[in-house]
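I'll drop the sequence and a predicted model, then ask my questions.
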Amino acid sequence: MLLTRIELDPTKRTTIMALSNPNRFHGAIEKSRMIEGERILWRIDELGGRKYLMILSPSPTNGNFLAEQFGYPGTPPEQKSYSALLNRIKEGSVWNFRLTANPTFSSWSDRKDSQDRGKVKGEISTSVQLKWLERKAAANGFSLKPNQFGVVSSRWVTFRKRTENRKVSLTQVTYEGMLTVTNPELFKRALVDGIGRGKAYGMGMLTVVTPHV
């Protein structure tokens, strides 16, 4: 697994358009892949007033191609192996985390029958968004304490998919805080495969770093 980081040029027209329509990032990342069929996770991070495109992929992607479109041409993307991090995941280990996700629930009122899950809708209240992540934690090999994580941003992302001529609306929520690994194998799978829906549109990617003492 490889983690790639590309600094975005916020003045570039293609970047401005992609930031308002994640389907543009999705299309470009698909074109940058070297091997078809591999799951690729991505998200947009902001650090020190600068925006970055983060990509986690099993095989290298064409970072220069993406930098030409959205970043600063001639500036090579940063890239590092994910193996060292995965090898450090142990039961009971504590990590600071960031997750940009699409928390959803199934509306019972929309069900047609007992076998129907109902319409999938976005979680809009902070309290429900926090509960969504608490529910996901056990299934993904980690635990959370109520006073050690929270929502740092929440917004609706709305765009139109040209290929299907339909409007897409997703809730995009970024969580940050501290977690404890309870099942290393499940947790590693969450790091590699992501959590929740909307992965094609920059959601689901969980990253961790060692807490500062």
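Arrived safely, thanks for sending.

Can you name the element that comes right after the lowest-mean-pLDDT helix or strand in the chain?
Lowest by mean pLDDT, DSSP states H and E among the helices and strands of the chain is strand 119-122, with a mean of 54. As assigned by DSSP states H and E, the chain's next helix or strand after strand 119-122 is helix 126-139.

list the buried ones in that next one?
Neighbour counts using 16 or more other C-beta atoms under 10 Å place Gln129, Leu130, Trp132, Leu133, Lys136, Ala137 of helix 126-139 among the buried residues. Bear in mind the C-beta positions are built from the backbone N, C-alpha and C, glycine included.

I figured the first one hits Val152, correct?
No: counting by C-beta atoms under 8 Å, Gln129 stays clear of Val152, with 11.1 Å between them.

intersection of neighbour lists for the two?
Tyr175 (C-beta atoms under 8 Å, 6 or more residues apart in numbering).

where do the strands sit along this protein?
2-7, 41-47, 50-57, 78-81, 94-101, 104-107, 119-122, 142-161, 166-181, 205-209 (DSSP state E).

Same list (the ones you listed) but as JSON lines, adding distance to Lys31.
Shown next, in JSON lines, are the strands of the chain (distance: least, C-beta to C-beta, whole Å):
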{"stretch": "strand 2-7", "distance to Lys31": "14"}
{"stretch": "strand 41-47", "distance to Lys31": "13"}
{"stretch": "strand 50-57", "distance to Lys31": "13"}
{"stretch": "strand 78-81", "distance to Lys31": "18"}
{"stretch": "strand 94-101", "distance to Lys31": "22"}
{"stretch": "strand 104-107", "distance to Lys31": "28"}
{"stretch": "strand 119-122", "distance to Lys31": "28"}
{"stretch": "strand 142-161", "distance to Lys31": "16"}
{"stretch": "strand 166-181", "distance to Lys31": "20"}
{"stretch": "strand 205-209", "distance to Lys31": "19"}
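
Now tell me which of those the model trusts least on average.
Note on the strands of the chain: lowest mean pLDDT is at strand 119-122, with a mean of 54.

before we move on, the earlier item: mean neighbour count and distance to Asn64 added to the strands of the chain, as JSON lines?
Converted to JSON lines, those look like this (neighbours: other C-beta atoms under 10 Å; distance: least, C-beta to C-beta, whole Å):
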{"stretch": "strand 2-7", "mean neighbour count": "19", "distance to Asn64": "9"}
{"stretch": "strand 41-47", "mean neighbour count": "19", "distance to Asn64": "16"}
{"stretch": "strand 50-57", "mean neighbour count": "20", "distance to Asn64": "13"}
{"stretch": "strand 78-81", "mean neighbour count": "12", "distance to Asn64": "11"}
{"stretch": "strand 94-101", "mean neighbour count": "20", "distance to Asn64": "25"}
{"stretch": "strand 104-107", "mean neighbour count": "14", "distance to Asn64": "35"}
{"stretch": "strand 119-122", "mean neighbour count": "14", "distance to Asn64": "35"}
{"stretch": "strand 142-161", "mean neighbour count": "14", "distance to Asn64": "26"}
{"stretch": "strand 166-181", "mean neighbour count": "18", "distance to Asn64": "28"}
{"stretch": "strand 205-209", "mean neighbour count": "20", "distance to Asn64": "22"}
